[in-house]
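Peer 1: Below: sequence and its predicted model.
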Amino acid sequence: KIINACQKREIHRLIHCSSGVVTGRTKTRVTDEETQCFPVTNYQKTKYMLEKLAINASRDGVDTAVLRPTAILGIGGENLKKLTLSLINESKYKLWTKSLLLGARHMHLVPVRNVVNSLDALIHHKKKINGQIYNISYDHDENNTYKSIERILLKKISRSYRPPSIHVPIFLLSFILSLFGKRDEDINKI
């Protein structure tokens, strides 16, 4: 309906904001715009299908772009809210165990201002975009890990809990998750 409305009103550019999770179970550690997607969950499959519709609209006269932000960090963001609530409500033993296991895990948080700036840049881009995909992440920041974010939040909420100073290596965490039948495609991906 949105694509049809753009065509009827002669709107020349549509920017679809998707999600970095559409890549699903990729076969590569580093995900870029050329990475082949293997969506697994219904959410990933739906997001991927919507991307395809947006990209196909470029062939029908609506210049489109697809943005794939990772875990958006901003006011009201669910990613940070979930971690904060666990730090407030869970037992110290459970928090310590979780930190030991997840400490080295990438959080894939990206500031909402980066997403907004990307949207703004594409809105004002002078040339045709032709259905291009743009990943938006902040994985180059060495503090974008569970352990670093946990420590920052603990300072803010003043909880008397001390996380472990060591953490399980990523390869071991991946093995442990597989023993429990858990997916691990995002553990080591950037």
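Peer 2: That came through fine.
Peer 1: Flag every buried residue along the longest helix seen in the chain.
Peer 2: Across the chain, the longest stretch assigned as helix under DSSP state H is helix 42-57. Buried residues in helix 42-57, counting neighbours by 16 or more other Cβ atoms under 10 Å, are found at 44, 47-48, 50-51, 54-55, 57. All C-beta spots, glycine's among them, are computed from the backbone N, C-alpha and C.
Peer 1: Can you show me the CA trace of it as PDB?
Peer 2: Listed in PDB are the C-alpha atoms of helix 42-57, where the atom choice follows Å, rounded to 0.1, in the frame of the first residue of the first chain:
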ATOM      1  CA  ASN A  42       9.100 -15.200  11.400                       C
ATOM      2  CA  TYR A  43      10.300 -11.700  12.300                       C
ATOM      3  CA  GLN A  44      13.400 -12.000  10.200                       C
ATOM      4  CA  LYS A  45      11.500 -13.500   7.300                       C
ATOM      5  CA  THR A  46       8.800 -10.800   7.400                       C
ATOM      6  CA  LYS A  47      11.500  -8.000   7.500                       C
ATOM      7  CA  TYR A  48      13.300  -9.600   4.600                       C
ATOM      8  CA  MET A  49      10.100  -9.900   2.500                       C
ATOM      9  CA  LEU A  50       9.400  -6.200   3.100                       C
ATOM     10  CA  GLU A  51      12.900  -5.300   2.000                       C
ATOM     11  CA  LYS A  52      12.400  -7.200  -1.200                       C
ATOM     12  CA  LEU A  53       9.200  -5.300  -1.900                       C
ATOM     13  CA  ALA A  54      10.900  -2.000  -1.300                       C
ATOM     14  CA  ILE A  55      13.900  -2.900  -3.500                       C
ATOM     15  CA  ASN A  56      11.500  -4.100  -6.300                       C
ATOM     16  CA  ALA A  57       9.700  -0.700  -6.200                       C
END
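Peer 1: Mind giving me the packing neighbours of that helix?
Peer 2: With contacts defined as 3 or more Cβ pairs under 8 Å, 6 or more residues apart in numbering; DSSP states H and E, the packing partners of helix 42-57 are helix 2-8, strand 13-17, strand 63-69.
Peer 1: Tell me which of those is the most buried.
Peer 2: Mean neighbours per residue, mean count of other Cβ atoms under 10 Å, is largest over the helices and strands packed on helix 42-57 for strand 63-69, with a mean of 23.
Peer 1: any weak-confidence spans in the protein?
Peer 2: Per-residue confidence for the chain (pLDDT under 70) gives these ranges: 182-187.
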